[in-house]
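Provided below are the primary sequence and the corresponding predicted coordinates.
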Amino acid sequence: MSRHVAMHMSDGIVNAPTSLLFGAVAILFVGWAAVRARADLDDRTAPMAGLVTAFVFAVQMINFPILPGASGHLLGGALVAILVGPWVGTLCITIVLVVQSLLFADGGLTALGTNVVNMAVIGVFAGWGVAVALRRFAVRSRGGLLATAFVAAFAGTVLASLGFVAQYALGGAAGATTGTVFALMVGLHALIGIGEGVITAVTVGAVAAVRPDLVHLLRTAPRPAAVTQPAGRGDGSGA
Amino acid sequence: MGAGHSHPLYLPGTSVVHRLPAQVKIVAAFLTVLCVVATPREAFPAFAGYLLLLVAVWVAARIPPGWLARRALIEAPFVVLAVLLPFTGPDPRIEWAGLSLSHAGLLGAWNILAKGTLGVLTSLTLAATTPMRDLLLGLQRLRAPALVVTIATLMLRYADVIAAEARRMRVARIARGHDPRFLWQAGATARGIGSLFVRSYERGERVHLAMLARGWTGTLPAAGAAAAARVDWARGLAVPVVAAAVAVTALVTT
């Protein structure tokens, strides 16, 4: 079982008008994200975002055990949102999806719009929204940060699957009622979301221990003084 | 992956299809799949028609069918939904080999399988005949935002480096007896991802400084993507035109 299977839409799952509609929505959002990402990274935009995108690409190839015989990999929406912010994050995930579709025949060409909307827009922004809502716990303690990352990744995964359900309801290839698809996708992604949440939390925790200044969620917190306070924590000198 | 010029699905060649400008191929592939997706599911002969059309392209591009078939199997990303549809679909139901299958569900599954497979085959054809650099130039010609193309260029240049780093970390973990089986044992892998991020980010900072030292102004120098000639567009778009004819026939007759 790969988690990848469930979320990456292929051609033919939604009809042509829905594909085109979400393609247009995706183009609008990504164009907007490109403008906003500049503000987050200034002239370093391209090299930094390029490397972070390469990181997302590599992360999706790292398999995690779930149970013996079953493994999955990170989707990374909430993770990049927390680490580099939602705008750069959306760009990174979008580029990974485009490259996978064009170079690796992974995810259909006409499904690119729906995939980008689900994973790069909904997944990233839902994760970011939850993370910002819980930020006051995240800046308070390491436990708060881990819990915030977990909830953000879980919510991002489940809401991204709701995007799939909405697209299916709008222009699905029928054959199953929206209720069935809802139960199937949301149930499956609630499970996947737990894995995504655990891995995201530990990853964010590891980055925060070594370079808390690299965690966008903490860096952009309203009271930056509180960020650098986790006294007594080993600052990862061995890394 | 090769030295940053190729990708695993590229099949070097000099055929007509290989020589078409990438932007033409991207548009042609997208329109072809769009025709496939727009075809009513009951129009079974139409899907055979699309397959024949693809076979004609493979002959022109000299792609061996076995090469495609292997990769299509490996890459097949869908089917979770497709397999379940016949069992979960609405009535009326068909009894077959002791199973009660939904008629609409079967059609839905066929729809996803047929269109998904044709989509994967089309994408594979595009990837097999277009090197990575050309695909990026093609996206640029298709007016993708310059920033997006630049990020994608850098990403593809460093993806191998970061992936190799991830592999080395994995080997290092295994060499130290790491053998996780359950999610709650994934901590070391996740912390590895954390350091992979820090290393990627710091590498990005070094790359940025190195680029500044070499006169980086914020945009890549204009790459020489030639505009596609009208002949090229005519050749490339012949494929979706045939596909559109098939789709229209199918729409009219069903």
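Yep, that arrived.

Quick check, the residue in chain B closest to chain A?
For chain B and chain A, the shortest gap (Cβ to the nearest Cβ) falls at B:Gly108, measuring 1.7 Å. Quick note: C-beta positions are derived from backbone N, CA and C, even for glycine.

List the buried residues of the helix or strand harbouring that residue.
Using DSSP states H and E, B:Gly108 sits within helix B:103-129. Within helix B:103-129, the residues scored as buried using 16 or more other Cβ atoms under 10 Å in any protein chain shown are B:104-129.

Next: stretch A:98-108.
So for stretch A:98-108, counting by 16+ other Cβ under 10 Å, buried means A:98-108.

In strands only, show me those.
Residues of those located in strands (DSSP state E): none.

so how far is B:Ala166 from the residue nearest the centre of chain A?
Compute the mean C-alpha point of chain A, and by Cα atoms, centre = their mean the closest residue is A:Gly77, 0.6 Å away. From A:Gly77 across to B:Ala166, the span is 19 Å (Cβ to Cβ, to the nearest Å).

Equivalent analysis for A:Val56, please.
With distances taken as Cβ to Cβ, A:Val56 is found 12 Å from B:Ala166.

With A:Met9 instead?
From A:Met9 across to B:Ala166, the span is 26 Å (Cβ to Cβ).

Please apply the same query to A:Met48.
According to Cβ to Cβ, A:Met48 stands 19 Å off from B:Ala166.

what kind of secondary structure is A:Gly31 in?
helix (DSSP: H, G, I helix; E, B strand; the rest coil).

From what I see, it and B:Pro145 are in contact.
Yes: between A:Gly31 and B:Pro145 there is a contact at 6.4 Å, judged by Cβ atoms under 8 Å.

residues of the helix-or-strand element of chain B with minimal mean pLDDT that come out buried?
The helix or strand of chain B with the poorest confidence is helix B:80-88; it has a mean of 70 (mean pLDDT, DSSP states H and E). Across helix B:80-88, burial judged by 16+ other Cβ under 10 Å covers B:81-82, B:84-88.

quick revisit: okay, the residue nearest to the centre of chain A: pLDDT?
pLDDT recorded at A:Gly77 is 91.

residues touching the closest residue to it other than its chain neighbours, list them.
If you skip the residues right next to it in sequence, A:Gly77 has A:Gly123 as its closest partner in space, 3.1 Å away by Cβ to Cβ, 6 or more residues apart in numbering or on different chains. Residues near A:Gly123 by Cβ atoms under 8 Å, 6 or more residues apart in numbering or on different chains: A:75, A:77-78, A:93, A:156-157, A:159-160.

which residues touch B:Val57?
B:Val57 neighbours (Cβ under 8 Å, 6+ apart): B:17, B:125, B:239.

Could you pick out the longest helix of chain A?
helix A:178-210 (DSSP state H).

What residues sit buried inside that helix?
Neighbour counts over helix A:178-210 (16+ other Cβ under 10 Å) mark A:180-182, A:184-186, A:188-189, A:192-210 as buried.

That helix versus helix B:80-88: what angle between them?
On the basis of axes from the mean of the first three to the mean of the last three Cα atoms, to 10 degrees, helix A:178-210 is oriented at 150 degrees to helix B:80-88.

centre of the chain versus helix A:178-210, how much separation?
Helix A:178-210 sits 10 Å away from the centroid of its parent chain (Cα atoms, centre = their mean, to the nearest Å).

Report the inter-axis angle for that helix versus helix B:103-129.
Relative orientation of helix A:178-210 and helix B:103-129, computed by the same axes, to 10 degrees: 40 degrees.

Residue 94 sits in which helix or strand?
Assuming you mean chain A. Using DSSP H and E, A:Thr94 falls in helix A:86-104.

wrong chain, I was asking about chain B
strand B:93-96.

contact partners of that strand?
Outside strand B:93-96, the residues within contact range by Cβ under 8 Å, 6+ apart are B:100-103, B:106.

of the residues you listed, closest to B:Thr32?
B:Leu106 (25.8 Å; Cβ to Cβ).

Leaving out the residues flanking it, which one is nearest to B:Glu42?
The shortest distance from B:Glu42 to any non-neighbouring residue, by Cβ to Cβ, 6+ apart, is to B:Thr254 (5.2 Å).

I'd like to know how far that neighbour sits from B:Thr39.
9 Å.

Just want to know which of the two has more residues nearby.
Shown here are B:Thr254 and B:Thr39; by other Cβ atoms under 10 Å in any protein chain shown, B:Thr39 has more neighbours (28 against 13).

Model confidence at that one, what's the number?
Looking at B:Thr39, its pLDDT is 91.

Tell me who's in contact with it.
Neighbouring residues of B:Thr39 by Cβ under 8 Å, 6+ apart: B:46-47, B:50, B:115, B:246-247, B:250-251.

rewinding a little: check the spacing between the residue nearest to the centre of chain A and A:Thr53 real quick.
A:Gly77 is 13 Å from A:Thr53, by Cβ to Cβ.

got it, and A:Gly163?
21 Å.

So between these two, which is more surrounded?
Set side by side, A:Gly163 and A:Thr53 show more neighbours around A:Thr53, with 31 against 22, by other Cβ under 10 Å.

Am I right that that one is in contact with B:Leu156?
No: using Cβ under 8 Å, A:Thr53 makes no contact with B:Leu156, being 9.0 Å away.
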